[in-house]
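Participant: 3D, please:
(2 chains)
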Amino acid sequence: MAINALYSASSGLAALDTALDVTANNLANVNTPGYKASRTNFQDLLYIEKEQPGAINANDDQRPIGLYVGLGVRVSGTQLDFTQGAPQFTGRPLDITIDGEGFFVVTVEPSLGGGTAYTRAGNFALNSDGDIVMANNQGYRLDPNINIPPDATNISISSDGKVYYTSPGETEQTEAGTIQLATFANPAGLAQIGTNLYTQTDASGDAVTGEPSTDQRGSLQQSFLESSNVDPTRELIDLIRTQRAFEMNSQSIRAADESLRTVSQLRR
Amino acid sequence: MSYGLQISASGAASALYRQDVHANNLANMDTVGFKPDIPTQRPRDDVRTEDGLWFMPSDVLLERLGGGVMLKPNLVDHGQGAIRESGNPLDLAIDGEGFFVLRPPIGSDPSIAHLTRDGRFTRNGAGQLVSVSTGAPVLDAQNRPVLLPPGPAPTVESDGTLRQGGAIIGQLRVMNPPDTGTLRKAGNGVFEVPAAAVARAGPAPGRVRQGAVEESSVSEIKSLMAVTGAAREVDANISMIQQHDRLMERAINSLGRLT
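Facilitator: Residues are numbered from 1 along each chain as shown, chains lettered A, B, ... in the order given. Just a heads-up that it's a prediction; the model follows:
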């Protein structure tokens, strides 16, 4: 009966609604440093075997097998796209781009992912203690913490993660520490917890932490910020496709409704 | 009872069923690797022929009408979907005939193999190449899960060979079942096929394209036409049923009246 058509179409509407949310979020983050676009993955639902409408013959050999109806579509998940965003020159000494697969390691509240989170957003700043922290309202510290004295000038970060500064009256640079980067077997399996942060999950595998420029972690580029990897053109095309698909599924509902109404008015 | 009433009822029932199938196709117009179902039907034989009641008296006139319409097993349209660049190195599309082989879930019937055209893969925590939809590992020619060592994403050649930094690290199996008509849809983009048929099958002529996905091969316009067209068919058949009903009503209440 057309009841299945109603459910298939409504599952289509629900899945497309999720896709619309994901696309809107990607577009909203088109200027967020280090943001990685998500995409919505659809998959078809189960199929049910239907009986042949009408009588089955005495030998039971007229009824065809393989007569089935699909039950629609669902969102199987969203998937992060970890392709590199374009590095943008900013001139700020504490803007850092990772040119490679690694993530910065930051210390967060123990309630979030066991106290360690990972980010690609390289817009760092100094807090009042002189620690290098993420330049957002939470101010999470790098792990291991790197401290720059308040009177230091001329902070420089080498491509292998060493942070140097110049103290007043000195000509030689002092090393403050090394920024560590983490890589994952499956970065797409990381959990997104907002504020540009990711935490490790069973799907992502354990973080492998090490110095930049080793083992595919990528090198650091000071004074560059990795821009969002959202491609606005692609997202807008997805938006159009999603909206049209939404409309077509609503037409399915209308047609199925008409069928059901006709049937229900059979006996007037 | 009016024979035509049954014929019209079979028409309405088949139209309702076809509407379900096309609505499902339309709902999956954005599902990667989806292949639309084509509902098929055939004229139904008259009751005497269908039930083998050859000894019963026949009504030649009515039997010439046949028995309405009857559904046949769905066909699946295995035509190629459009290949869309996605930029993700672990998205694979097959250009041409062929299927990826997935490991069936543990505990499922070992005589059934799982095939898919949905090439959205990722690396799981154990380093296996798995389907993003179901998490099922992708198998190589020896029916072992394909393992990706840590490091940069591999390059995938058109025959499924995986290379990382120039060295061969494995090969995806891309196979072609002897008869796509034996494939049965199991949802989640998976087609079930007897494992024996997979073991015998040779490599597929299709070429693997990296960084791309095969879009659903549903034709939105055709499906929408079919869904709305089926509603009209229901309409027409129901009207016919009402006509038969009126005819019988006249026959019972007017024809038999003496004055």
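Participant: Return the set of buried residues in stretch B:155-171.
Facilitator: B:156, B:160, B:162, B:164, B:170-171 (16 or more other Cβ atoms under 10 Å in any protein chain shown). Just so you know, the C-beta spots here come from the backbone N, C-alpha and C atoms, and that holds for glycine as well.
Participant: That stretch near chain A at all?
Facilitator: No: with Cβ under 8 Å from any Cβ of the partner chain as the threshold, stretch B:155-171 lies outside contact range of chain A, at a closest distance of 10.2 Å.
Participant: ends of that stretch, how far apart?
Facilitator: Start and end residues of stretch B:155-171 are separated by 11 Å (Cα to Cα, to the nearest Å).
Participant: any low-confidence regions in the chain?
Facilitator: Reading this off chain A. Using pLDDT under 70 as the threshold, the predicted model of chain A has low-confidence ranges A:1, A:50-66, A:268.
Participant: Not quite, go with chain B.
Facilitator: Low-confidence regions of chain B, defined by pLDDT under 70, span residues B:1, B:256, B:259.
Participant: Which parts of it are helices?
Facilitator: In chain B, the segments counted as helices under DSSP state H are B:3-27, B:47-50, B:60-63, B:195-200, B:220-250.
Participant: Can you name the helix or strand that A:Thr78 falls in?
Facilitator: Taking DSSP states H and E as the criterion, the element that holds A:Thr78 is strand A:73-80.
Participant: strands paired with that strand, and their directions?
Facilitator: With DSSP bridges as the test, strand A:73-80 is paired with strand A:38-44 (antiparallel).
Participant: re earlier: check which residues of whichever helix or strand comes after the strand holding A:Thr78 are buried.
Facilitator: Reading on from strand A:73-80 to the C-terminus, the next helix or strand found by DSSP H and E is strand A:87-89. For strand A:87-89, burial by neighbour count (16+ other Cβ under 10 Å) applies to A:Pro87.
Participant: helices or strands up against strand A:87-89?
Facilitator: With contacts defined as 3 or more Cβ pairs under 8 Å, 6 or more residues apart in numbering or on different chains; DSSP states H and E, strand A:87-89 has these neighbours: strand A:224-226.
Participant: who in the stretch 101-250 of chain A is up against chain B?
Facilitator: Taking Cβ under 8 Å from any Cβ as the contact definition, the stretch 101-250 of chain A meets chain B at A:101, A:183, A:185-186, A:188-189, A:202-206, A:208, A:215-216, A:241-242, A:244-245, A:248-249.
Participant: if we go to 6 Å?
Facilitator: A:185-186, A:188, A:202-203, A:205, A:216, A:245, A:248 (Cβ under 6 Å from any Cβ of the partner chain).
Participant: Just the buried residues out of the residues you listed, in PyMOL syntax.
Facilitator: Remark: buried members of these, expressed as a PyMOL selection using 16+ other Cβ under 10 Å:
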select buried, chain A and resi 185+186+188+203+205+245+248
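Participant: Pull the most distant pair out of the residues of the stretch 101-250 of chain A next to chain B.
Facilitator: Considering Cβ to Cβ, no two members of these lie farther apart than A:Gln216 and A:Met248, which are separated by 43.6 Å.
Participant: Please enumerate the helices of chain A.
Facilitator: Taking DSSP H as the criterion, chain A carries its helices at A:2-28, A:232-264.
Participant: Is there contact, residue-wise, from the shortest one to chain B?
Facilitator: To tie it back to what came earlier, the one meant is helix A:2-28. Yes: for helix A:2-28 and chain B, the contact criterion (Cβ under 6 Å from any Cβ) is met by A:2, A:4-5, A:8-9, A:11-12.
Participant: ok, back up a step: which of the helices of chain A sits most buried?
Facilitator: Per-residue neighbour counts averaged over each of these give the maximum for helix A:2-28, namely a mean of 21 (mean count of other Cβ atoms under 10 Å in any protein chain shown).
Participant: quick one: that one to helix A:232-264, angle?
Facilitator: Relative orientation of helix A:2-28 and helix A:232-264, computed by axes from the mean of the first three to the mean of the last three Cα atoms, to 10 degrees: 160 degrees.
Participant: Centre of the chain to helix A:2-28, how far?
Facilitator: The offset between the C-alpha centroid of helix A:2-28 and the centroid of the whole chain comes to 19 Å, using Cα atoms, centre = their mean, to the nearest Å.
Participant: before we move on, what about stretch A:239-246?
Facilitator: For stretch A:239-246, the gap between its own C-alpha mean and the chain's C-alpha mean amounts to 21 Å (Cα atoms, centre = their mean).
Participant: Likewise for stretch A:112-129?
Facilitator: Here stretch A:112-129 shows a centroid-to-chain-centroid distance of 18 Å under the convention Cα atoms, centre = their mean.
Participant: contacts for that stretch?
Facilitator: Stretch A:112-129 is contacted by residues A:33-34, A:94-97, A:103-104, A:106, A:108, A:132-133, A:135, A:139, A:148, A:182, A:193, A:196-199, A:225 when judged by Cβ atoms under 6 Å, 6 or more residues apart in numbering or on different chains.
Participant: Export it to PDB, keeping only CA atoms.
Facilitator: Output for stretch A:112-129, consisting of C-alpha atoms alone and laid out as PDB, is shown next (Å, rounded to 0.1, in the frame of the first residue of the first chain):
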ATOM      1  CA  LEU A 112      36.100  16.500  28.000                       C
ATOM      2  CA  GLY A 113      37.800  13.600  26.400                       C
ATOM      3  CA  GLY A 114      39.900  12.800  29.500                       C
ATOM      4  CA  GLY A 115      41.500  16.200  29.700                       C
ATOM      5  CA  THR A 116      43.200  16.300  26.300                       C
ATOM      6  CA  ALA A 117      41.800  17.700  23.100                       C
ATOM      7  CA  TYR A 118      43.100  18.200  19.700                       C
ATOM      8  CA  THR A 119      42.800  21.100  17.300                       C
ATOM      9  CA  ARG A 120      43.800  22.400  13.900                       C
ATOM     10  CA  ALA A 121      43.100  26.000  14.800                       C
ATOM     11  CA  GLY A 122      46.500  27.600  15.100                       C
ATOM     12  CA  ASN A 123      45.400  31.100  16.300                       C
ATOM     13  CA  PHE A 124      47.200  31.200  19.700                       C
ATOM     14  CA  ALA A 125      47.700  34.000  22.100                       C
ATOM     15  CA  LEU A 126      49.400  34.600  25.500                       C
ATOM     16  CA  ASN A 127      47.400  34.600  28.700                       C
ATOM     17  CA  SER A 128      48.200  36.700  31.700                       C
ATOM     18  CA  ASP A 129      50.700  34.100  33.000                       C
END
